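# Here is a sequence with its predicted model. Questions after.
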Amino acid sequence: WYADGSKMEEGVGVGIVDPRFRISVPLGKYPTIFQAKIFPIYYCATSCLNKGVRGTSIYILSDSQFTLKALSSRSFESKLIWDCKISL
């Protein structure tokens, strides 16, 4: 999976791509860029769980070092990060 998010004047959106799947999700004007970077990772993880994917490696690529550091942290100030970590 490749997961990314961006924020522009028009609003915030995320994109998620894998070899058989492609989706873009508009999130509106209010989410932060950080939320735009974490949400697609969370979406990928929960999609795999919902599809019953178990016992195999899943690769989710992100270009956000800040997001990856937040997910490896020992404390969480954001419910979205916590939910993402649990899903992973």
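Structure's in. What do you need?
# going forward, measure contacts and count neighbours with C-alpha atoms only.
Fine.
# pLDDT value on I60, please?
I60 is assigned 92 on the pLDDT scale.
# Check T56 too.
87.
# Could you give the secondary structure assignment for it?
coil (DSSP: H, G, I helix; E, B strand; the rest coil).
# How about the contacts made by it?
Listed by CA atoms under 8 Å, 6 or more residues apart in numbering, T56 has no contact partners.
# How about F76: what's its closest non-neighbour residue?
W82 (6.1 Å; CA to CA, 6 or more residues apart in numbering).
# correct me, but that neighbour touches S73?
No. At 10.0 Å, W82 does not count as touching S73 under the criterion of CA atoms under 8 Å.
# Quick check: next helix or strand after the top helix by length along the chain?
Ranked by residue count and defined by DSSP state H, the top helix of the chain is helix 33-50. Next helix or strand after helix 33-50 toward the C-terminus (DSSP states H and E): helix 65-71.
# Show me what counts as buried in that next one.
Using 16 or more other CA atoms under 10 Å as the test for burial, helix 65-71 gives T67, A70, L71.
# so G15 bridges to which residues?
When bridges are called by DSSP bridges, G15 pairs up with D4, S24.
# For it, give its distance to W1.
10 Å (CA to CA, to the nearest Å).
# about what we covered before: counting neighbours, what do you get for the residue nearest to F76?
A count of nearby residues for W82, using other CA atoms under 10 Å, gives 16.
# isn't I23 right up against G5?
No. Applying CA under 8 Å as the test, I23 and G5 come out as separate, 11.7 Å apart.
# shared neighbours of those two, anything?
Common neighbours of I23 and G5, using CA under 8 Å, 6+ apart, are G15.
# okay, those two: which has more neighbours?
Taking neighbours as other CA under 10 Å, I23 and G5 compare with G5 leading, 26 against 11.
# Nice, that's everything, thank you.
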